[in-house]
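1. From the sequence below, what's the structure:
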Amino acid sequence: MERESVIVSYFQSWINKDSSKLTEIFSADITYSECYGPEYQGVEMIKRWFHDWNQKGTVLQWDIKQFIHQDNVTAVEWYFKCEYMGNVSDFDGVSLIEFDQDNRIVNVKEFQSELPHYCPYE
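-> Take a look at the predicted model:
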């Protein structure tokens, strides 16, 4: 799979609540840092997080705005919306995603930008 397809497949797995492709998407020793602090080590921990999170929440939307590629890293800008334990929230974000030679993800670092955006000088 090419890198953009891997990322699209990953985002779609959350929307579909389908973990079946996680071992194809991630390397066994993946490090995944979420935008608000949690960090997961290894694909087995990713699968556990995926299962646990989806027991309490639903990803409603995860739209990709753009990809930027450099060497073995892809930056993806996105919009995310979910319902978690009865609360709906959304935000913009960026993920820096590092790939190995087999196009499996070995590192993810997420960054969040709160919504709504506003001009403080108006």
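2. pLDDT value on Ser13, please?
-> Taken from the predicted model, the pLDDT recorded for Ser13 is 98.
3. my hunch is that Ser113 is in a strand, does that hold up?
-> Yes - for Ser113, which was evaluated using DSSP: H, G, I helix; E, B strand; the rest coil, the result is membership in a strand.
4. and the closest residue to Val73 other than its chain neighbours, what does it touch?
-> Counting by CB to CB, 6 or more residues apart in numbering, Glu98 is the residue found nearest to Val73 once chain neighbours are left out, at 5.2 Å. To be clear about C-beta, it is placed using only N, CA and C from the backbone, and glycine gets the same treatment. By CB atoms under 8 Å, 6 or more residues apart in numbering, Glu98 lies in contact with 72-73, 105-108.
5. cool, and Glu2?
-> Under the criterion of CB under 8 Å, 6+ apart, the contact partners of Glu2 comprise Asn103.
6. rerun that using 6 Å as the cut-off
-> Going by CB atoms under 6 Å, 6 or more residues apart in numbering, Glu2 touches no other residue.
7. Strands of the protein, residue ranges please.
-> Ranges of strands within the chain are 26-33, 39-41, 57-70, 73-84, 87-99, 105-114, based on DSSP state E.
8. now those strands as JSON lines including distance to Trp14?
-> Written out in JSON lines, the entries for the strands of the chain read as follows (distance: least, CB to CB, whole Å):
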{"stretch": "strand 26-33", "distance to Trp14": "13"}
{"stretch": "strand 39-41", "distance to Trp14": "14"}
{"stretch": "strand 57-70", "distance to Trp14": "4"}
{"stretch": "strand 73-84", "distance to Trp14": "8"}
{"stretch": "strand 87-99", "distance to Trp14": "13"}
{"stretch": "strand 105-114", "distance to Trp14": "13"}
